[in-house]
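> coords please:
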Amino acid sequence: MLELKGICKKLGTMDMQDVSLSITPGQYFVLLGPSGVGKTVLIEIIAGLIKPDSGLVLWDDIDITRLAPEKRGFTVVYQDYALLPHMTVAANISFGLRGRATKDDISSRTAELAEMLDITDILKRKPTGLSGGEMQRVALARALAPRPRLLLLDEPFSALDTTSRLKMRRYLKKISQEFSTAVLHVTHDPEEAMFLGDRLGVMLDAKIRQIASPEELFRRPTDAVVAEFLGMQNLLPAHIVAKHVCMVNGQRFELGEDSAEISHVWIKPEEIVLSPEPFRSSARNQLACKVESWEPHGALLAVRIICGELELFSIITHASFTDLNIHKGQDLYATFKSSALHSF
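Got it, this is the predicted structure:
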């Protein structure tokens, strides 16, 4: 198990303070945060490429903070692949096994990883001329070849096109399920983190602000700063006025949970139902609103509505958009259940 205790490191304007986390055997841990907050520095501290100013790096309760990188049994995959251009794909994959395994073992391991990552047909080629997705799969195979105790992934998809990124997510999901290797993956993409991570950490301003399961992180962010980074729409300041009741910009909302003290509520856009008339249902919250605008949201549409002093977004299908004949300035009703409001 990897454990970081109170890691501090100052590099230029980046001042990492008191970073602590743990990654259990076989766990896929995703560290999520914008550029410049120290995610890559933390990866390199764990790998032994940078020494922390203070704090400890432990593996199975053994202090490895000052241990040489090559003695840690960790491998790193960077976004720029770092393949050796004069070697074939097969030679790149097996590079870390030289002098550590027999020729037959090297051949077997290379073939196993090539089949898993669908690169068997390019084993004899050199990196020049390979697509970004192919080069990233080769880099991943090379990192996995020596059976690392910990796989460190530094924004591995950032140089890939959308199609290649989606494919690489599936490959990593497959690898995490078939191998027992612990993974630390850093990214700025919340969707990527949700898809891959067993556990997520949010790093902002060179500090870890929250560690939680994907479901818990998006359901209960620790504060508005984390929620805003996660791109959560319909994040609203609120205060409790009675049991299961809060006020938001002059609007009274019923909550599905009992919270004595809150600062914000989040209403999932997917759970706001739009209708031309009010209707009877089990939903406890219904507001008159006007359509302000709309925009694509993946395969759906995000409709921006104004309810008094509130601005909300409702995610609807194209079919619903057509059925409602939505247009700017249209009067509608927004309805949502008390369970659609999440407070923190």
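> how about residue 132, nearest residue that isn't a chain neighbour?
Excluding its sequence neighbours, the residue lying closest to residue 132 (Cβ to Cβ, 6 or more residues apart in numbering) is residue 160, at 5.0 Å. For glycine as for every other residue, the C-beta is placed from the backbone atoms N, C-alpha and C.
> which residues sit in contact with that neighbour?
132, 133, 136, 168 (Cβ atoms under 8 Å, 6 or more residues apart in numbering).
> tell me the most packed of those residues, by neighbour count.
Neighbour tally across these (other Cβ atoms under 10 Å): the maximum, 26 neighbours, falls on residue 136.
> who are the packing partners of the host helix or strand of that residue?
Assigned by DSSP states H and E, residue 136 belongs to helix 132-144. Helix 132-144 sits against strand 74-77, helix 89-94, helix 103-116, helix 162-178, with contacts defined as 3 or more Cβ pairs under 8 Å, 6 or more residues apart in numbering; DSSP states H and E.
> pipe these into TSV and attach distance to residue 56 per row.
TSV is the format used below for those (distance: least, Cβ to Cβ, whole Å):
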stretch	distance to residue 56
strand 74-77	16
helix 89-94	33
helix 103-116	33
helix 162-178	26
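> residue 30 is nearest to which of the ones you listed?
helix 162-178 (10.4 Å; Cβ to Cβ).
> contacts for that closest one?
So helix 162-178 is contacted by 28, 116-118, 131-133, 136-137, 140, 144, 153, 156-157, 160, 181, 183, 185, 192, 195-196 (Cβ under 8 Å, 6+ apart).
> got a quick ChimeraX command for the buried subset of these?
To isolate the buried subset of the contacts of helix 162-178 in ChimeraX, counting by 16 or more other Cβ atoms under 10 Å, use the following:
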select :28,116,117,132,133,136,137,140,144,153,156,157,160,181,183,185,192,196
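> list the contacts for residue 133?
With contact taken as Cβ under 8 Å, 6+ apart, residue 133 is in contact with 160, 161, 163, 164, 167, 168.
> right, and residue 7 touches residue 41 too?
No - using Cβ atoms under 8 Å, residue 7 is not in contact with residue 41, being 9.5 Å away.
> can I get the longest strand seen in the chain as PDB, trimmed to CA atoms?
Longest strand in the chain by number of residues (criterion: DSSP state E): strand 285-297. Taking Å, rounded to 0.1, in the frame of the first residue of the first chain, the C-alpha atoms of strand 285-297 are listed here in PDB:
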ATOM      1  CA  ASN A 285     -40.800  21.600  -5.700                       C
ATOM      2  CA  GLN A 286     -42.400  23.400  -8.600                       C
ATOM      3  CA  LEU A 287     -41.500  26.800 -10.000                       C
ATOM      4  CA  ALA A 288     -42.800  29.100 -12.800                       C
ATOM      5  CA  CYS A 289     -40.000  29.900 -15.200                       C
ATOM      6  CA  LYS A 290     -39.100  31.400 -18.500                       C
ATOM      7  CA  VAL A 291     -36.800  29.900 -21.200                       C
ATOM      8  CA  GLU A 292     -33.700  32.100 -21.600                       C
ATOM      9  CA  SER A 293     -31.600  29.900 -24.000                       C
ATOM     10  CA  TRP A 294     -30.300  26.400 -24.700                       C
ATOM     11  CA  GLU A 295     -27.100  24.700 -25.800                       C
ATOM     12  CA  PRO A 296     -25.900  21.200 -26.700                       C
ATOM     13  CA  HIS A 297     -25.000  18.900 -23.800                       C
END
